[in-house]
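> Sharing a sequence plus its predicted fold:
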Amino acid sequence: MSVSLVGIFLGLVLLMFLAYRGYSIIWVAPVCAAFVALLSGLSILDSYVGDYMKGMAGYVMAWFPAFFLGAVYGKVMDMTGSARSLADKVVKWIGAKHAILAVVIPCMLMTYGGISLFVVVFVVYPMGYAIYRAANMPRTLLPGAIAFGAFGITMTSVPGTPQIQNLIPMQFYGTSPMAAPLLSIVACLAIGIPGLLYLEWRARKSLAAGGAFVEDPKFVESDLDTASLPSWHWLSGLLPIIVVVVLLNVFKQHIVTSLVSGIILCCLMNIKQYKVLLPSISAGANGSLTAIMNTACAVGFGSVVKAVPGFATLTALMMNMPGSILFSEAVAVNVLAGATGSASGGMSIALEALAPQYLEKALAIGLNPEFLHRIASISSGGLDTLPHNGAVLTLLAVSNCTHKESYGDVCVTTCIIPVVMSLLLALVWGLWI
């Protein structure tokens, strides 16, 4: 094994370790990239100002509009109370008796509507807190339900989702958000059913053992006066979601057009809250910078990895892996998503490096590139939720739960089940083509 290839693996391990320790990837990624360049005999300065910055800047240029508008859209829905009103309506329909579904379904609706999963965590936790309190279910089980709904199938598998994890493969394979609908539906069932059954089993087991709701000493109830909002206000949460999804998938509009339309509709339906609208747009805009920079820095690291001699060996290992190219892609995306702690970052690194070879091979054997799109998207939502993942850390912080208390459920529903199913689907689908 070459020193350069060893450097790649050590760089990935160092990146995971430092990210897990809570250090910002904005400085961790270039340091780890410098380590990879050093062991490969490349100039650290040239690698940083060249490959690293080009990779990072290229990602920002390509995806900033989606990050920016998605964050603004989510913040407008949040600060106007539209998302909360929709969530409350769903809870009333379902009831606290079905506490897990009452948390999962609003999360799925919001992520499928294009709202950032980080925003969903902040919006749904207060609602989920009240639901679990009414059902007298242990509060430590709540992060698992939120993660399953927000980080799960609506982020990667449901056909037409406007989440970034479903949009990135389009630029590499020339596909649409509805890519491989049959495979998407099978993936939704294969991941969604076991995840829900697991959460229900955990709840029954905990309650049978005497588990009960315990107040969160740090949680402060929101001062949002939902009683002052009109009875139809929940529609201001639902209709923008429908508009975004329909424009993107039915009318084939660009994600920018779709999100802008959702923002405008939400603002118009909340025009009486005009004092909140501009601050919410500003808050969303500011939040989008951190989100995209975290991912872009991970992509910059991948750009340096691509430039070192050992990457040719790594590429050959991936391309010559037993099974179909779908299985190879599933392994590559899973591994890099885990290494970076980012679904979009890991997938971007893998596809930047390997998508041209996958596409060439797919066209040579008559494989529809839509399958490559869908497997990449599904696989990005597996190992990304290892303990150092930013969304996981945010969820546990908001929930005031420790990894020991709640990460097990998050891991099973958003990591173990998706990883197993993504590899299994890639393996089985590869046998049919």
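Yes, it's here.
> any weak-confidence spans in the protein?
Filtered on pLDDT under 70, the chain yields the residue ranges 1, 220-227, 433.
> any idea how far the helix or strand containing Ala426 is from the chain center?
Element membership for Ala426, per DSSP states H and E: helix 417-432. Taking the mean of its C-alpha atoms, helix 417-432 sits 19 Å from the chain's own mean (Cα atoms, centre = their mean, to the nearest Å).
> Now find how far off-centre the helix or strand where Val299 lies is within its chain.
With elements taken from DSSP H and E, the one containing Val299 is helix 274-307. Between the centre of helix 274-307 and the centre of its host chain there is 14 Å, according to Cα atoms, centre = their mean.
> Ok, stretch 390-407 next?
Its chain's C-alpha centre and that of stretch 390-407 lie 16 Å apart, by Cα atoms, centre = their mean.
> Would you mark the buried spots in that stretch?
By 16 or more other Cβ atoms under 10 Å, the buried positions in stretch 390-407 come out as 390-393, 395-396, 398-401, 405-407. The C-beta positions use only the backbone N, C-alpha and C, and glycine is treated the same way.
> What count of nearby residues applies to the nearest residue to Ala145 once chain neighbours are set aside?
The shortest distance from Ala145 to any non-neighbouring residue, by Cβ to Cβ, 6 or more residues apart in numbering, is to Val103 (4.3 Å). Applying other Cβ atoms under 10 Å, we find 30 other residues in the vicinity of Val103.
> Looks like Val103 contacts Ala147 (just checking).
No - here Val103 lies out of contact with Ala147, judged by Cβ atoms under 8 Å, at a distance of 10.2 Å.
> Now Ser24. Nearest residue, chain neighbours left out?
Distances taken as Cβ to Cβ, 6+ apart put Asn294 closest to Ser24, at 8.0 Å, once the chain neighbours are dropped.
> how many other residues sit next to that neighbour?
Other residues within reach of Asn294, judged by other Cβ under 10 Å, total 20.
> now do Lys205
Neighbouring residues of Lys205 were enumerated by other Cβ under 10 Å; the total is 10.
> Alpha carbons only: can I get stretch 181-195 in CSV?
Listed in CSV are the C-alpha atoms of stretch 181-195, where the atom choice follows Å, rounded to 0.1, in the frame of the first residue of the first chain:
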residue,chain,number,x,y,z
PRO,A,181,-39.3,6.1,-8.7
LEU,A,182,-39.8,2.3,-8.2
LEU,A,183,-36.5,2.0,-6.5
SER,A,184,-37.3,5.0,-4.4
ILE,A,185,-40.6,3.5,-3.2
VAL,A,186,-39.0,0.2,-2.4
ALA,A,187,-36.3,2.0,-0.4
CYS,A,188,-38.9,4.0,1.5
LEU,A,189,-40.7,0.8,2.5
ALA,A,190,-37.4,-1.1,3.2
ILE,A,191,-36.1,1.7,5.5
GLY,A,192,-39.3,3.3,6.8
ILE,A,193,-41.2,0.2,8.0
PRO,A,194,-38.3,-1.3,10.1
GLY,A,195,-37.5,2.1,11.5
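> what sits against the residue nearest to Ala145?
Residues in contact with Val103, defined by Cβ atoms under 8 Å, 6 or more residues apart in numbering, are Val124, Met127, Gly128, Ile131, Tyr132, Leu142, Ala145, Ile146, Gly149.
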